[in-house]
Every structure is written in C-alpha cells, then in structure tokens.
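**Q** generate coordinates for the sequence data below:
(one chain, ligands or ions: 1)
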Amino acid sequence: MIVRTTAEITGTDRDVADPKGNWVSKRIVLGGDRVGFSFHETTINAGSVNEFHYANHVEAVWLVEGEGTLLDRETGETYPLAPGTMYLLNGHERHTVTADTQMRMLCVFNPPVVGTEVHDENGVYPLVTVPDQTGRHTPEA
Ligand SMILES: CC(=O)NCC[C@H](N)C(=O)O
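**A** Numbers count the residues shown, from 1 in each chain. Predicted structure coming up:
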C-alpha cells in the first residue's frame, strides 16, 4: 500500500507547473509507482484559456471546485464545467478548457504520466513507458 499526502509532494518534482503559468499539476501517483495509471490534482488559474490534446493518453478529469467551459474542438460542442462534472477523453480529443474561476480537478492518465511531462512541441505528452510490477511496459496508447 502507498499512502502519500499533498504536503509531501508539494515543491517536489511531482509538483509540476505549466510553462505558461496557467495550471499546476500535483502528481500523487506516477508511472514509477507501477500501477498502470497516474493520478493528479490539477489547479487551473481563473481567466485562463487552455488548449489541450493528449494524443498518447486517455485522461479522465473530475472537477471538484470552480466553474468554466469545455470545448470539444473535434465537434465544436461546448459543455459547462462545474463541481461534479467529469469528462473522459477517450478519443484523444483536442479540447479547450476555459476557467471562469480557479478550477481544481482530479485527473487520471492511462498510460501513466511518468514525471514532469508538460505539452511538447506537438502540444501533447510524449508516450514514456515504465515497467509495471510484472516488468511489462505500459501498453501503447
Ligand atoms: C485539465 C488538464 O488536462 N489540465 C492539464 C494538466 C493535466 N491534467 C495534468 O495533470 O498533467
């Protein structure tokens, strides 16, 4: 069993800031924990407009605080974001999160984020695999 606290990871390499300064991701479970997913608490700044795309990962996002709007850039559909709303990027959708207020969300990535990934030159997280307990590398996205 692993028990870990936000205080333990704050200010460490698990506490990752967006180079543009729009969000912070506290990554309490990472690929190196070898459980097949990573688990993050992401805080997005009020007033920010964030274009995201995870070509190599599925992400589930569960909003716990804050208000905003989600735009699916593949379809043009928009969705209100409020506490209790979950969105699952099960098709690697390009999407935009507009934060009307500060937003705090819980995020799961599969395959797991392994470290300090932020969006690369293609705007996505590179696929970095780590062996799980059986030594098997996380599957291709
Ligand atoms: C909501 C969202 O995708 N924010 C970007 C950061 C990402 N969730 C992460 O935790 O790395």
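**Q** bridging residues for the most centrally placed residue in the chain?
**A** Here the mean C-alpha position of the chain is nearest to the C-alpha of residue 107 (Cα atoms, centre = their mean), at a distance of 4.9 Å. Counting by DSSP bridges, residue 107 forms beta bridges with residue 40, residue 61.
**Q** for it, list the residues it contacts.
**A** When contacts are counted by Cβ atoms under 8 Å, 6 or more residues apart in numbering, residue 107 is found next to 25, 39-42, 59-62. No exception for glycine: its C-beta is placed from N, CA and C like everyone else's.
**Q** show the pLDDT at it.
**A** Residue-level confidence at residue 107 comes out at 98, pLDDT.
**Q** use 78 as the first number from now on
**A** Okay, residue one is now 78; in that scheme the one you just asked about reads as residue 184.
**Q** now do it against the ligand, distance only.
**A** When distance is defined by Cβ to the nearest ligand atom, to the nearest Å, residue 184 is 4 Å away from the ligand.
**Q** ok, that residue to residue 163 distance?
**A** Between residue 184 and residue 163 the distance, using Cβ to Cβ, to the nearest Å, works out to 10 Å.
**Q** give me the common contacts of those two.
**A** When Cβ under 8 Å, 6+ apart defines a contact, the residues bordering residue 184 and residue 163 alike are 137-139.
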